[in-house]
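Undergrad: Model the following, please.
(one chain, ligands or ions: 1)
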Amino acid sequence: MAGAISMASPDRRPPWVAEAGEAERVLILDFGAQYTQLIARRVREAGVYCEIHPFNRLDDAAIGGWGAKAIILSGGPASVTESGTPRAPDRVFRLGVPVLGICYGEQTMVQQLGGEVAASDHREFGRAFVDVVGDCALFDGVWAKGGREQVWMSHGDRVIGLPAGFRTVATSDGAPFAAIADEARGFYGVQFHPEVMHTPDGARLIANFTLRIAGCAGRWTMAAFRRQAVARIRAQVGDGRVICGLSGGVDSSVAAVLLHEAIGDRLTCVFVDTGLMRAGESDEVVELFRGHFNIPLVHVEAEGLFLGRLQGVTDPERKRKIIGASFIDLFDAEAAKLGRVDFLAQGTLYPDVIESVSFTGGPSVTIKSHHNVGGLPERMRLKLVEPLRELFKDEVRALGRELGLSEAFVGRHPFPGPGLAIRVPGEVTAEKLALLRLADRIFIEEIRDAGLYDAIWQAFAVLLPVKTVGVMGDMRSYDHALALRAVTSTDGMTADYYPFDHGFLGRVATRIINEVRGINRVTYDITSKPPGTIEWE
Ligand code: XMP
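TA: Numbering: from 1, shown residues only. Modelled structure (predicted):
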């Protein structure tokens, strides 16, 4: 493994950057692949800081000044055999740092350096095997010459001629140049996708690239990030005052605790109790922040206002808009009472920040308008502090642990901003919310008791606007039906229903019907996303 951090970084970044291991940064150029975020995940798992940028956003000067210890070129949907398709900036190959091209990234590197790529009849999708035909630093300690190794492929085009200086180190039936290397220049290319789980050794190949080949020390840890983030917040905020909206979710809570560490009582948190929270949730938030962390917290009880404005409203989009606007009104009013406020803190995460590469152009369709505090900064003339904007969700969870939040808290399932209102299709009333809270609590309790909570991305109950006939103790009942929803997912973008066994589902249904008066039928939603969405509204 090559040496320690290069302290002689060409730019004038502040000292905490080097201390946190962020001086060793890997630049990922995105050509629009579905899996680019996974490349970043794998690089960070190896303790190396990295960022994703669209292939065409950094000019030569920006690439030169970025301070990359290595560059990774992602896959992408285009074909280098067609003109007008994306290319890596030439500067990438003249920086003197190692470059790894993955799939499309390999193909464009080969073509730009003088090799040849062709469209092929033999398309390869899914599981494949490569034969390792040469020793290579990328494979050190992972694959040996002569081995046959499982990988995951997704390509039509393939390399048919190598640029000078390269040799082939692995081949497959569909890709004779499945892995190539020019070790003198530190250029590597793989046709397969090392970033996906279906390439079982892929993470170790990526770690070889960042640690052994690029010589990063792998010091980017959450403890280091915490110190770095605290210093950065202090530098940004100076002696200003910050306000932070708490939702009870993991992101805003972690952001608040981190900010409090950085600026103490110059942070005020505002928790708006919308009356749309789950059982016990409001008390937990107040106890955690006021009681445990001793963070100044304004608790706004606004159930009456929210339920009043939602009265008679059945359209899901109208519900979302009303809730978003009410939240902003209340937050604004509370902020005004505090006097001078300079910054608004938000728990924005990296996936929200990454600019996606679109080849089709055009705006995407609004499936649901997500509720956040958008609109507030302009109205209140506030600057934003977003201390988590470089982190992925599970890194935020790791940071939360580092900051002393309990495992039970950081591991909580995501909960939508509009709360239970979007889990009561039709008109939202206090009575319906009360039924839903009881049923939801039973479902989650049973999931926890069965040891399944962490295996599930999100689980909840939905109170249906349908009444059904039942028979309970020789009496006719005519009560609400309830749906249970539990999904697995990695990012909420796609999801599959959780395959509970029937015994479990039966137990939950029996408990809900016995314990919640007003519900007499329970169903389990087995729709995946797409075509369904996770929430019902
Ligand atoms: P859908 O229902 O669109 O949800 O499949 C994907 C993920 O987003 C959450 N969700 C929201 N989160 N404000 C939020 O903060 C919202 O308006 C909102 N709507 C949905 C949902 O719970 C799931 O985790």
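Undergrad: Please pull out the lowest mean pLDDT helix or strand from this structure.
TA: helix 15-19 (a mean of 49; mean pLDDT, DSSP states H and E).
Undergrad: Could you point out the helix or strand that follows it?
TA: Downstream of helix 15-19, the first helix or strand assigned by DSSP states H and E is strand 25-30.
Undergrad: Summarise which helices and strands that following strand is packed against.
TA: helix 36-45, strand 49-54, strand 68-73 (3 or more CB pairs under 8 Å, 6 or more residues apart in numbering; DSSP states H and E). Where you see a C-beta, it was placed from the backbone N, CA and C, and this is true even at glycine.
Undergrad: which of those sits most buried?
TA: strand 68-73 (a mean of 26; mean count of other CB atoms under 10 Å).
Undergrad: Tell me the helices and strands packed up against that strand.
TA: Short answer (3+ CB pairs under 8 Å, 6+ apart): strand 68-73 packs on strand 25-30, strand 99-102, helix 104-112.
Undergrad: Highest mean neighbour count out of these?
TA: Neighbour counts (mean count of other CB under 10 Å) averaged over each of the helices and strands packed on strand 68-73 peak at strand 99-102, with a mean of 29.
Undergrad: Packing partners of it?
TA: strand 68-73, helix 104-112, strand 187-190.
Undergrad: mind redoing it with 6 Å?
TA: strand 68-73, strand 187-190 (3 or more CB pairs under 6 Å, 6 or more residues apart in numbering; DSSP states H and E).
Undergrad: What average pLDDT does that strand get?
TA: Throughout strand 99-102, pLDDT has a mean value of 98.
Undergrad: Please apply the same query to stretch 451-461.
TA: The model assigns stretch 451-461 a mean pLDDT of 97.
Undergrad: That stretch and the ligand, are they touching?
TA: Yes - contact of stretch 451-461 with the ligand (CB under 6 Å from any ligand atom) involves residue 458.
Undergrad: can you check stretch 240-257 too?
TA: No - residues of stretch 240-257 contacting the ligand under CB under 6 Å from any ligand atom: none, with a closest distance of 7.4 Å.
Undergrad: chain center to that stretch, what's the gap?
TA: 18 Å (CA atoms, centre = their mean, to the nearest Å).
Undergrad: Only the buried residues of it, if you could.
TA: 241-257 (16 or more other CB atoms under 10 Å).
Undergrad: quick one, what contacts residue 500?
TA: For residue 500, no residue meets the contact criterion (CB atoms under 6 Å, 6 or more residues apart in numbering).
Undergrad: repeat for residue 154
TA: Here residue 154 is in contact with residue 125 (CB under 6 Å, 6+ apart).
Undergrad: ok and the helix or strand it falls within relative to helix 104-112, angle-wise?
TA: Under the criterion of DSSP H and E, residue 154 resides in strand 148-155. Strand 148-155 runs at 80 degrees relative to helix 104-112, counting by axes from the mean of the first three to the mean of the last three CA atoms, to 10 degrees.
Undergrad: Other residues contacting the next helix or strand after strand 148-155?
TA: Next helix or strand after strand 148-155 toward the C-terminus (DSSP H and E): strand 158-161. Residues from elsewhere that reach strand 158-161 (CB under 6 Å, 6+ apart): 110, 115, 116, 117, 118, 120, 175, 177.
Undergrad: confidence score at residue 143?
TA: 98.
Undergrad: Measure how buried the closest residue to it other than its chain neighbours is and give me the count.
TA: Excluding the flanking residues, the one nearest residue 143 by CB to CB, 6 or more residues apart in numbering is residue 132, at 5.0 Å. Residue 132: 20 surrounding residues under other CB atoms under 10 Å.
Undergrad: Contact partners for residue 132?
TA: 143, 145, 147, 170.
Undergrad: so what does the helix or strand where residue 514 lies touch, helix or strand wise?
TA: Taking DSSP H and E as the criterion, residue 514 maps to helix 502-515. Here helix 502-515 touches helix 430-449, strand 519-524, going by 3+ CB pairs under 6 Å, 6+ apart.
Undergrad: Tell me which residues are up against it.
TA: In contact with helix 502-515 (CB under 6 Å, 6+ apart) are residues 439, 442, 443, 446, 519, 520, 522, 524.
Undergrad: any idea how far the residue located most distally from the centre of the chain lies from residue 289?
TA: In the chain, residue 474 marks the outermost C-alpha relative to the chain mean, sitting 50.7 Å out by CA atoms, centre = their mean. Noted for residue 474: a distance of 50 Å to residue 289, by CB to CB, to the nearest Å.
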